[in-house]
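1. turn this into a model:
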Amino acid sequence: MIPVLVADDHGFIRAGVEAVLRGTRFSIVAATASGEETLDAIKTHDPAIVLLDINMPGMNGVQALEALRERGDMRPVVLLTAGINDRQLISVMRAGVEGIVSKDGAEDGLIEVLEKVHAGEKAIGPDFLQRALDLSLRPSVQGPLSKLNPRERKITSLVARGMRNRDIGAELGIGEGTVKVYLHTIYQKLGIDNRTELALMAVNEQDG
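-> Numbering: from 1, shown residues only. Prediction:
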């Protein structure tokens, strides 16, 4: 059996995936409901493929994929999505997503996608590929957070979730003082004064 981790915050979607995989050579070894939970479960269960919902509370699917790649984990990731905006599409393509499956009609194509990515192939529909190509050729309209490096973006996303410096430090394994230094640099780069402005900027960019 090929172990699969399913990350989706809707129980009925997880149950639906389980029903589609029943009787195939793919089996669900773990089901999670957030990006953070998913990253922990990948370490624990070591699935061959990660099936990842793009919109989850807290750390979303895009951020979870980026975090996975940041730690050097290149196992196949398939995104399960009800809709993907331009920024998300470019981000997941850059992070090396192997497959994208639309939730609408997933029961028909999911097994084929899993078979493809398990064999080392990409399983991204031509519509997604064409859209990503069009976006990459378009003049870049980047949000202000594009000035930040990956660690600064991570700290920004934690600030946007309302976490305090002490909690951010604990999450990232750094001291509270180091978080303050990072925040000072972030404020300077973005031309802002406080974490409220930073959180608003992060939320606006996610909605963009």
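2. counting contacts, what elements does the top helix by length along the chain pack onto?
-> Longest helix of the chain, by residue count under DSSP state H: helix 176-190. Applying 3 or more C-beta pairs under 8 Å, 6 or more residues apart in numbering; DSSP states H and E, we find helix 176-190 packed against helix 150-160, helix 165-172, helix 195-207. Any C-beta I mention is one placed from the backbone N, CA and C, and that applies to glycine too.
3. highest mean neighbour count out of these?
-> Highest mean neighbour count among these (mean count of other C-beta atoms under 10 Å): helix 150-160, with a mean of 19.
4. for it, which outside residues touch it?
-> Contacts to helix 150-160, defined as C-beta atoms under 8 Å, 6 or more residues apart in numbering, come from residues 59, 63, 66-67, 70, 145, 148, 167-168, 171-172, 179, 182-183, 185-186, 189, 195, 198-199, 201-203, 206.
5. pLDDT weak spots in the protein?
-> For the chain, residues meeting the criterion pLDDT under 70 lie at 138-142, 206-208.
6. contacting residues for the residue nearest the centre of it?
-> A centroid search over the chain (C-alpha atoms, centre = their mean) returns residue 62, at 2.1 Å, as the residue closest to the centre. Shown in contact with residue 62 (C-beta under 8 Å, 6+ apart): 54, 88, 91-92, 95.
7. now the strands for the protein?
-> With strands called from DSSP state E, the chain shows them at 2-7, 26-32, 49-53, 77-81, 99-102.
8. now mean neighbour count and distance to residue 137 too, for these, in CSV please.
-> Shown next, in CSV, are these (neighbours: other C-beta atoms under 10 Å; distance: least, C-beta to C-beta, whole Å):
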stretch, mean neighbour count, distance to residue 137
strand 2-7, 22, 31
strand 26-32, 19, 36
strand 49-53, 26, 27
strand 77-81, 23, 22
strand 99-102, 22, 20
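9. what residues are up against the spatially closest residue to residue 41 that is not a sequence neighbour?
-> Nearest residue to residue 41, sequence neighbours excluded (C-beta to C-beta, 6 or more residues apart in numbering): residue 30, at 4.4 Å. Each residue near residue 30 by C-beta under 8 Å, 6+ apart is listed here: 5-6, 41, 44-45, 47.
10. tabulate those (TSV), appending distance to residue 23.
-> TSV is the format used below for those (distance: C-beta to C-beta, whole Å):
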residue	distance to residue 23
5	19
6	16
41	24
44	26
45	21
47	19
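11. report the two of the residues you listed separated the most.
-> 6 and 44 (14.4 Å; C-beta to C-beta).
12. could you check how far residue 64 is from residue 91?
-> According to C-beta to C-beta, to the nearest Å, residue 64 stands 11 Å off from residue 91.
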